[in-house]
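Colleague: would you be able to build a 3D model of this:
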Amino acid sequence: MKDFFRKNMKNISPYLFIAPFFMLFIVFFLYPIFYSLVLSFSKWTSGGLEFVGIQNYLYLLTDPVFWKSLVNTGQILVIQVPIMLLLACIVAVLINSKHTKYKALFRLGFFVPVIIDLVTYSLVFSLMFNERYGIINQFLTSIGIEGIPWFSNGIWAKVMIAIAMTWRWTGYNSIIILSGLQSIPGTIYEAATIDGANKIDTFFKITIPMLKPVLLFCMILSTIGTLQLFTEPYMLTKGGPNNETLTAIYYIYDRAFGSFKFGLASAGAYIVTTIIGILSYIQLKVSDGGEI
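Modeller: Below is the predicted model:
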């Protein structure tokens, strides 16, 4: 009997060790996904869930405010992500240059914004871009330029959010790109120099093509992060003016915790998730999966 028990324990012991992970995975990952899916087809009331079919999805797809939030998110995505990735490439190339000293210090300096709390840095930016007392408008006024209506103009409000996001995430992406740069053989650059290529030629004809897989990775991460944008609009503009900076996730948050329409919020979350999946698939297809 003891031998039988010992033999069976030896067979099941590996599963016992990994069981806590799967239990946590089921409770905190699979269950919320399944419950939110059910909730997206239901109407939440104090008495429980009432099945309403695709009513929540139809409401969202005909709600102009939801479409506006998607358009706002798309505009910020188109403005911010390409600029940020270009700046990240430039920063990574400069840090990777053999002429650059104190590389570790520069890496740390550019990465510091990532470890700053989202709420803290958003509050700092709200003070910096204050239309009356902010340091940005005060500087513009001092050189004879009229102050910019960062909070009262929808276009400038989007630009402000894009600037804040670029400041925070450029360093993060530059470190990822830097790791890709360090994997490019130096002999390629030496051969290009011998053939008469200058720095600009090597950057656009060697560095960028060789970084294609890394850039694709950064682009997909940045796209997902921007489509999930919430903290900056919430802290800086509250979605204003006139919903011009209302993002999709902000809309979902407002429906869930502002109006307590959890069914609508769950349906919105699945729509955004579908959009993220489609955009990621398109990026993979257009870039041939990141192959050089």
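
Colleague: residue 60: what secondary structure?
Modeller: helix (DSSP: H, G, I helix; E, B strand; the rest coil).

Colleague: from the chain's centre, how far out does stretch 220-232 sit?
Modeller: Between the centre of stretch 220-232 and the centre of its chain there are 3 Å (C-alpha atoms, centre = their mean, to the nearest Å).

Colleague: that one - what's its average pLDDT?
Modeller: Averaging pLDDT along stretch 220-232 yields 90.

Colleague: could you do stretch 173-185 as well?
Modeller: Throughout stretch 173-185, pLDDT has a mean value of 87.

Colleague: buried residues, that stretch. List them.
Modeller: For stretch 173-185, burial by neighbour count (16 or more other C-beta atoms under 10 Å) applies to 173, 174, 175, 176, 177, 178, 180, 181. All C-beta atoms are positioned from the backbone trio N, CA, C, and that covers glycine.

Colleague: spatially, which two of these are the most separated?
Modeller: 173 and 181 (12.3 Å; C-beta to C-beta).

Colleague: ok, which stretches of the stretch 51-200 of the chain are helices?
Modeller: 55-61, 64-96, 103-115, 118-128, 135-142, 154-181, 186-194, 199-202 (DSSP state H, counting those that start in this stretch).

Colleague: for the longest one, which residues meet the burial criterion?
Modeller: Read that as helix 64-96. 66, 68-70, 72-77, 79-81, 84-85, 87-89, 91-93, 95-96.

Colleague: distance of residue 24 from residue 192?
Modeller: Using C-beta to C-beta, to the nearest Å, one obtains 51 Å as the distance from residue 24 to residue 192.

Colleague: same deal with residue 44?
Modeller: Distance of residue 44 to residue 192, computed by C-beta to C-beta: 62 Å.

Colleague: same question for residue 171.
Modeller: Distance of residue 171 to residue 192, given as C-beta to C-beta: 28 Å.

Colleague: and the two? Which one has more around it.
Modeller: Comparing residue 171 with residue 192 by neighbour count (other C-beta atoms under 10 Å), the higher total belongs to residue 171, at 22 against 16.

Colleague: wait, doesn't the more buried one sit right on residue 108?
Modeller: No - with contact defined as C-beta atoms under 8 Å, residue 171 and residue 108 do not form a contacting pair (9.3 Å).

Colleague: for stretch 135-155, measure first residue to last.
Modeller: Start-to-end span of stretch 135-155 (C-alpha to C-alpha, to the nearest Å) is 20 Å.

Colleague: that stretch: which residues count as buried?
Modeller: Neighbour-count burial for stretch 135-155, counted by 16+ other C-beta under 10 Å, picks out 136, 137, 148, 150, 151, 154.

Colleague: ok, stretch 17-37 next?
Modeller: residue 36.
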